[in-house]
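Novice: next comes the sequence, and after it the predicted model I'd like to discuss.
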Number of protein chains: 2
Amino acid sequence: MDKLMIYLPLVMAILGLVFMGVKALWVNKQNAGDAKMQEISKSIQEGAMAFLKAEYRILAVFVVIASVALFVVSQLVETSHWMIVVAFVFGAIFSALAGNIGMRIATNSNVRTTQAAKTSLPQALQVSFGGGTVMGLGVAGLAVLGLSIFFLIFLNQFMGVEGKSFYDNMTLVLETLAGFSLGAESIALFARVGGGIYTKAADVGADLVGKVEAGIPEDDPRNPATIADNVGDNVGDVAGMGADLFGSYVATVLASMVLGNYIIKDMTDASGTPFTDNFEGLGPIILPLVIAGVGILASIIGTFFVRIKSNDAKEAQVQAALNLGNYVSLGLTVVACWFLIDMMLPETISMNFFGEGIKEIPSRHVFYATLVGLGVGLFISAITEYYTALGKKPVLSIVQNSSTGAATNIIAGLAIGMKSTFGSVILFAAAIWGAYALAGFYGVAIAASAMMATTAMQLAIDAFGPIADNAGGIAEMSELPKEVRQRTDVLDSVGNTTAAVGKGFAIASAALTALALFAAYVTFTGIDGINIFKADVLAALFVGGMIPVVFSALAMQSVGKAAMDMVNEVRRQFREIPGIMDGTGKPEYGKCVDISTKAALREMMLPGAITIITPIILGFAMGAEALGGYMAGVCVSGVLWAIFQNNAGGAWDNAKKSFEAGVLINGEMTYKGSDAHKAAVTGDTVGDPFKDTSGPSMNILIKLTCLVGLVIAPLLGQGHATTKEVAASCCKEMSANCASMSIEECKAKGCKNSNCKIISAAEETVVSETVGDTTTTTTEVTKQDGTNVAVEKAVTVEKNEAKK
Amino acid sequence: MDKLMIYLPLVMAILGLVFMGVKALWVNKQNAGDAKMQEISKSIQEGAMAFLKAEYRILAVFVVIASVALFVVSQLVETSHWMIVVAFVFGAIFSALAGNIGMRIATNSNVRTTQAAKTSLPQALQVSFGGGTVMGLGVAGLAVLGLSIFFLIFLNQFMGVEGKSFYDNMTLVLETLAGFSLGAESIALFARVGGGIYTKAADVGADLVGKVEAGIPEDDPRNPATIADNVGDNVGDVAGMGADLFGSYVATVLASMVLGNYIIKDMTDASGTPFTDNFEGLGPIILPLVIAGVGILASIIGTFFVRIKSNDAKEAQVQAALNLGNYVSLGLTVVACWFLIDMMLPETISMNFFGEGIKEIPSRHVFYATLVGLGVGLFISAITEYYTALGKKPVLSIVQNSSTGAATNIIAGLAIGMKSTFGSVILFAAAIWGAYALAGFYGVAIAASAMMATTAMQLAIDAFGPIADNAGGIAEMSELPKEVRQRTDVLDSVGNTTAAVGKGFAIASAALTALALFAAYVTFTGIDGINIFKADVLAALFVGGMIPVVFSALAMQSVGKAAMDMVNEVRRQFREIPGIMDGTGKPEYGKCVDISTKAALREMMLPGAITIITPIILGFAMGAEALGGYMAGVCVSGVLWAIFQNNAGGAWDNAKKSFEAGVLINGEMTYKGSDAHKAAVTGDTVGDPFKDTSGPSMNILIKLTCLVGLVIAPLLGQGHATTKEVAASCCKEMSANCASMSIEECKAKGCKNSNCKIISAAEETVVSETVGDTTTTTTEVTKQDGTNVAVEKAVTVEKNEAKK
């Protein structure tokens, strides 16, 4: 029975995908409304699919080039295998598939939500959340499916190789599996950046000419960019986010598995005998995968709790329904984690804490680490909500500062975004410290895994937002009665909050995952830490810190350029198409869709290339430790800029929204159309690329940087440490003259650093005896080197003579 | 003769101060114009002095509290002394004095520049640059004077203590001297932040109501905030910047001296005999001080080259004159460095490179490091100029984006600032790497020292800008003929460029200085590096990265709040004072000055407190290595945010200025007053606190963080490393079981890490012989422990038996 545990994730993944299919059928069976509505919906779907197709064509080229490079790498390094290319390609395909499923269901759900909203708000919620559920389960199901299948294949392929330890064989399994994650994350990067540029170019372009210049409302059918705007919601907020979370999910589980393998090594080292348990010695490695599988089930159960009864429900009730579903999933996950950890991990775990040696950890500490992860998820949501929600102090301060113009509004918004880093970073730092203290880097990774376990639920909640947003757009464009729009607006408004919270959640999970990957990287390269007191490592840390800033700049500039193209096209149509403003002329929606598509695809190249190529160049030029410094720089700076940009953007958005209900400024009620409102609109426009393009891309930048490092790690370890260098790096603490030592001399000095690959201590006995001023120390070490086992004995005699 | 070299800096400092006095007398002798001009100038001077007085009162309280704390620390730690308090107080007083001298001369020069501009542009340049020279020499002279005197006193006091090595005695000298630097940098922090808030509150307040609401030009005497605005130029750009560079200068020289002491230790360790040279064994330590002294002379000579001949000179000629003076100073400094390094350093230097052991470095490598420093200074100026200068691509892109409104202008400006981090960070990273490769951390520190050597000249060029700015304001307010304003505008415009370049220079020097301080910190604490693979160090790195962001947010919000107060006051005066707009009623300038003063002083508290207190708390809670991670985080993030904010602000400013001469947008010439210009004004207003408040504060934040760490370093080393911990940290690379070792066992294992303070290897002979499968290694080490010299002999016999 226990041995079958390895198949549990696979079963859960299939269950999730089956439930997804059932739910998708149900959504598609719903009434899709009248001809006009269907026509609009079809335009949106066609635009979105056209974008995806064009994007996939370009990405296919990228995948081919990257595959060749990966193949070459896999041939150069002993600890890699060409199958990493297969995993990479499937990772890319699965990610694209997940985005595709999400996009299809979202563009089917939107018009059906509009139709449902004609009669009933509860039904509208069911349809839109149903669409979200399909997407969430698609992403989670495909992720767990892909990871499980490839893990089983590689396990079968690489384990049990003669003369290699379990740890070494498993390292090859996981190193190859990293290809799946790399494929997923690469696609995610382009999808996020491309989608982000698309959606904001269309949005900003539509707003600048439509709302500001022509004075027509949002989603007005006379605005030529309005279809592109709605397509943007799908390619950015649905497909982009889906690919993002697909990548996070896979990377988190993978990193936990790598660190699980490290536990098996530590326990073998500590006891001297190979690690065994009821799961064929795989317990700590498959635990994160099993948690992910169970999380799918918990999410499915949670979805049944998301429902409202009253047709007059307001935002609060809808939010409460979503929260209930979320809490049910989380609660079930916590309970499952308790039992799974109890069952799958040894009661006491021997774990090597860096610089502190082997410690004995009770397995319930790992459970506490999962609580740390869930706690981070909850707290980061609370912090994000505080800084971005309507009616809270930060947003109100931006509203107040709007009264003196756009400049003070911008300054206030920037300051809020910057200030919001305080609580978030303290939270992350505490979580890193806490989870590490509980269960080492495995604890950090498991914390991230627990956070991500309910990804399906989280994504269902996230994805329902843009569906409702689209539904409102369709209602407006088909000129339906006002109450339809009011109902969809309730859903849309809740969707805005869940979107902001979802971004906080995504960055938190990215931060923890990146740390776990970082730890895995250090293990894979075999370096003994990342010391920023070395000038080259410090220099790399600076360069790493700069990358997220330049990346953000490029993303923002891309939005600016693409929006300019859009503005010019819309202006041209207003000028050249007769009767467009009185509704007798039909705008050329397709041209605007084309412009966004082309701009997004053109502009996603440079930031994408920088992310992938920089760590490779730096790693080969400066070595493994410097690359570690670079990764840390990217993580620290990336997390800061993500929080800053997401929260500033969210706060500006809601400051603008505050004027819809009216706000009290200097004792006077101020509404839409006032000068203060115009200032707030400016702030929102600045915030758009912040929160929807550059900000959310930071997660992927962070994770992908660490993943690229992880994949090239074995190459760096092999290619750059000459025999002499290795010795110098091993023994640097032992003697100032170590630079002149060979590995043999280094060993002779008693070095037991794992970097000296030829030997690795399996068992050591030290007997020390002092007689008078002479100390005799006898050290006996049993060593293992692939096929050979050797016992070495070293005797040190030391005499102290006072001379003076 | 050579022994007298130690007095050379003192002589140069006095020479600089004498020349300053002569120059000040000359400036004050110039015609101060008519009664109205003098009245305005007097109002500005009174406002500025009132601010300084109020600021010094608060800072006196701070100095008293900090002194008590420092005294307590000095009593707790063996390697500290109560005299650090004296040094601290004098550092604070000298810094305040330097700011005071600068402010006095600037407020005397401004009206005399206006008067000179009535007849001649060359004369106006002489007067304004004369004022700048006084300030530059005051800062540099006082800095070198203070450092030299205290160094001589402490040398006399602490050297030659029986039973302690030269290195240990000198460490006490330099640790105590660090008090002077800490005092200077603390005052600098408050002066920079307070001054920055003051100047921008007044500027933004004056602009928002005056220019935007009332539609009157800048510096119009009807605007009640106009005097406060001109006072702000002095307290922010003159006093604040003077204190900033005073602090940088002192910190740079100090850090180089500390690392010079490390060289002496390494050379003693390598040769086994105490280091000697013709400078009483002080060569590497006093070299940076001597370079600073010679730099004063080079600057004085350079000032004679700053002159123009034609009354019709344009910006280019004025800039060329300033550049000539600058290049002469730099050239003289390079030549002086060549001879000084050749004379004062041993031909071959033994230097311990972290993780690589002792290397032999020819002394000319140190000279090359000075070239690296000067190169960084030149390149960073070029990069800064590219991103912020009129007519270059970045500023033009902001201009173009202004045509679609404030939002696109802001996005473009933010993106430019963010992109500008690329070249700057690559430059810093290359410099760190290069200078370190040449001559270790001493090379990095000497590079910074060389950059800062011509501080007097640099500051003269910087300070002339605000003097010219003020002169223009006085011309406007006294309603002088148009050509007077045109002449001062030429100077002002050049001043804007030199200000932006000066900021780049300041951040470059801060970055290099911080690294040198960082290296000194690691040495003082005796930790063996800062390993970010440890979870607590990594957590601290994150927290450190967040501090500059939150600091910037607080500074910006403070400007916002203070500007609001100002706006309300100006509006009240326009409303309540009859005849103010037609010039018959007199505005109450004093009230606006008061508001700025109070706001600045109130708002500087929190950011100042965070900077000083956070590292102290973190250091004691998490230990020395985590504090090192924190410092690195502050440095990396601080450098990025400084560059981002300074350059974005500078670019916005010049984008707005571009409209004065007219710009081509979409084929149409666009001028002041257009919608695009209004959008550009919004961008400039956002940029103001960026470039004048939060951006420039980053330097001080970085340096002060490292200085605070340096001062508490011995306390952390002592209080937190128990015997067992020290052993564990020494031997972690030697055995996984080291956690269970005592220091004695650790030594028995052959550990030679300097952290094991009880012994330090002075001489080591290793003889290794292999017969068959047995290797016998005999190591003989001569060890020194305060008063005792011991010879230890260790014999290692190793046998390898194949077992299988």
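Specialist: Cool, got the structure. Small disclaimer: the values here were computed from a predicted structure and weren't measured. Numbering: from 1, shown residues only, chains lettered A, B, ... in the order given.
Novice: the residue nearest to A:Ser310 when sequence neighbours are not counted: how many residues sit nearby?
Specialist: Distance criterion CB to CB, 6 or more residues apart in numbering or on different chains; nearest residue to A:Ser310, sequence neighbours excluded, is A:Gln317 at 6.9 Å. Bear in mind the C-beta positions are built from the backbone N, C-alpha and C, glycine included. Number of residues near A:Gln317 (other CB atoms under 10 Å in any protein chain shown) recorded here: 18.
Novice: ok, which stretches of the stretch 301-450 of chain A are strands?
Specialist: Per DSSP state E, counting those that start in this stretch, the stretch 301-450 of chain A carries strands over the ranges A:348-353, A:357-362.
Novice: out of those, which gets nearest to B:Ser449?
Specialist: Evaluated with CB to CB, the strands of the stretch 301-450 of chain A place strand A:348-353 nearest to B:Ser449, the distance being 40.9 Å.
Novice: for that closest one, buried residues please.
Specialist: Buried residues in strand A:348-353, counted by 16 or more other CB atoms under 10 Å in any protein chain shown: A:349-353.
Novice: how close does A:Ala415 sit to A:Gly179?
Specialist: Here A:Ala415 is placed at a distance of 43 Å from A:Gly179 (CB to CB, to the nearest Å).
Novice: neighbour count: these two, which is higher?
Specialist: A:Gly179 (31 against 28).
Novice: quick check: that one touching A:Ala92?
Specialist: No. Between A:Gly179 and A:Ala92 there is no contact under CB atoms under 8 Å: 9.8 Å.
Novice: next one: the residue of the stretch 601-750 of chain A found nearest chain B from B:Ser674, what distance?
Specialist: Closest to chain B within the stretch 601-750 of chain A is A:Thr685: 3.5 Å, counting by CB to the nearest CB. Taking CB to CB as the measure, A:Thr685 falls 20 Å from B:Ser674.
Novice: quick one, phi/psi of A:Glu665?
Specialist: Heads up, residue A:665 is Ile, not Glu. Phi and psi for A:Ile665, reported as degrees, to the nearest 10, are phi -120, psi 120.
Novice: could you count how many residues lie near it?
Specialist: Around A:Ile665 there are 18 residues (other CB under 10 Å).
Novice: can you pull the pLDDT of it?
Specialist: A:Ile665 is assigned a pLDDT of 83 by the prediction.
Novice: show me the beta-bridge partners of it.
Specialist: Here A:Ile665 sits in beta bridges with A:Glu668, as judged by DSSP bridges.
Novice: let me see the mean pLDDT of the helix or strand containing A:Ala599.
Specialist: Taking DSSP states H and E as the criterion, A:Ala599 maps to helix A:589-603. What helix A:589-603 shows for mean pLDDT is 86.
Novice: same check on stretch A:550-558?
Specialist: The model assigns stretch A:550-558 a mean pLDDT of 92.
Novice: do that stretch and chain B meet?
Specialist: Yes. Stretch A:550-558 reaches chain B (CB under 8 Å from any CB of the partner chain) through A:550, A:552-554, A:556-557.
Novice: ok so, going back, okay, A:Thr685 and B:Ser674: which has more neighbours?
Specialist: Neighbour tally, A:Thr685 and B:Ser674, criterion other CB under 10 Å: the higher count belongs to A:Thr685, 26 against 18.
Novice: so the more buried one makes contact with A:Lys211?
Specialist: No. Checked against CB under 8 Å, the pair A:Thr685 and A:Lys211 is beyond contact range at 10.0 Å.
Novice: any idea whether A:Val484 is helix, strand or coil?
Specialist: Secondary structure, DSSP: H, G, I helix; E, B strand; the rest coil: A:Val484 is helix.
Novice: report the contact partners of it.
Specialist: For A:Val484, the contact set (CB atoms under 8 Å, 6 or more residues apart in numbering or on different chains) comprises A:114, A:117-118, A:475.
Novice: any idea which element the residue positioned nearest the centre of chain A lies in?
Specialist: The residue lying closest to the centre of chain A (CA atoms, centre = their mean) is A:Ser248, at 3.4 Å. Under the criterion of DSSP H and E, A:Ser248 resides in helix A:241-271.
Novice: quick one: average confidence on that helix?
Specialist: In the prediction, helix A:241-271 has an average pLDDT of 88.
Novice: thinking again about what came up before, so which of the strands of the stretch 301-450 of chain A comes closest to chain B?
Specialist: strand A:357-362 (4.1 Å).
Novice: what's the angle from the closest one to strand A:348-353?
Specialist: 150 degrees (axes from the mean of the first three to the mean of the last three CA atoms, to 10 degrees).
Novice: pull out the buried positions in strand A:357-362.
Specialist: Those would be A:357-358, A:361, for strand A:357-362 by 16+ other CB under 10 Å.
Novice: which secondary structure elements does that strand sit against?
Specialist: For strand A:357-362, the packing partners by 3 or more CB pairs under 8 Å, 6 or more residues apart in numbering or on different chains; DSSP states H and E come out as helix A:241-271, strand A:348-353, helix A:421-453.
Novice: the last one vs chain B: in contact?
Specialist: Meaning helix A:421-453. Yes. Interface with chain B: helix A:421-453 contributes A:421-422, A:425-426, A:428-430, A:432-433, A:436-437, A:441, A:444 (CB under 8 Å from any CB).
Novice: and which of these is nearest to B:Val490?
Specialist: A:Thr421 (42.5 Å).
Novice: OK, contacts around the closest one?
Specialist: Residues in contact with A:Thr421, defined by CB under 8 Å, 6+ apart, are A:640, A:643-644, B:546, B:549-550.
Novice: if you set the cut-off to 10 Å instead, what comes out?
Specialist: By CB atoms under 10 Å, 6 or more residues apart in numbering or on different chains, the contact list for A:Thr421 reads A:383, A:387, A:428, A:639-644, A:647, B:542, B:545-550, B:553, B:637.
Novice: swap in A:Ala519?
Specialist: With CB under 10 Å, 6+ apart, A:Ala519 has these contacts: A:255, A:258-259, A:262, A:354, A:436, A:440-442, A:444-445, A:706, B:533, B:535, B:538.
Novice: 8 Å instead?
Specialist: A:255, A:259, A:441, A:444-445, B:533.
Novice: could those be laid out in CSV, adding neighbour count?
Specialist: Shown next, in CSV, are the contacts of A:Ala519 (neighbours: other CB atoms under 10 Å in any protein chain shown):
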residue, neighbour count
A:Ala255, 35
A:Leu259, 27
A:Phe441, 30
A:Val444, 32
A:Ala445, 32
B:Phe533, 22
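Novice: A:Tyr589: which of those residues is nearest?
Specialist: Looking across the contacts of A:Ala519 and measuring by CB to CB, the closest to A:Tyr589 is A:Ala255, at 43.7 Å.
Novice: mind checking how far the residue nearest to that closest one when sequence neighbours are not counted is from A:Ala298?
Specialist: Of all residues not flanking A:Ala255 in the chain, A:Ala516 sits nearest, at 3.5 Å (CB to CB, 6+ apart). Distance, A:Ala516 to A:Ala298, by CB to CB: 22 Å.
Novice: repeat for A:Met669
Specialist: If you go by CB to CB, the gap between A:Met669 and A:Ala298 works out to 46 Å.
Novice: nearest spatial neighbour of A:Thr348, skipping sequence neighbours?
Specialist: Nearest residue to A:Thr348, sequence neighbours excluded (CB to CB, 6+ apart): A:Glu360, at 5.2 Å.
Novice: tell me the contacts of that neighbour?
Specialist: A:Glu360 touches A:348-351, counting by CB under 8 Å, 6+ apart.
Novice: and it, how close does it get to A:Val372?
Specialist: A:Glu360 is 20 Å from A:Val372, by CB to CB.
Novice: next one: A:Val89
Specialist: For A:Val89, the distance to A:Val372 - CB to CB - is 35 Å.
Novice: of the two, who's got more company?
Specialist: For A:Val89 versus A:Val372, the count of surrounding residues by other CB under 10 Å is larger for A:Val372: 27 against 18.
Novice: surely that one meets A:Leu438?
Specialist: Yes. With contact defined as CB under 8 Å, A:Val372 counts as touching A:Leu438 (7.0 Å).
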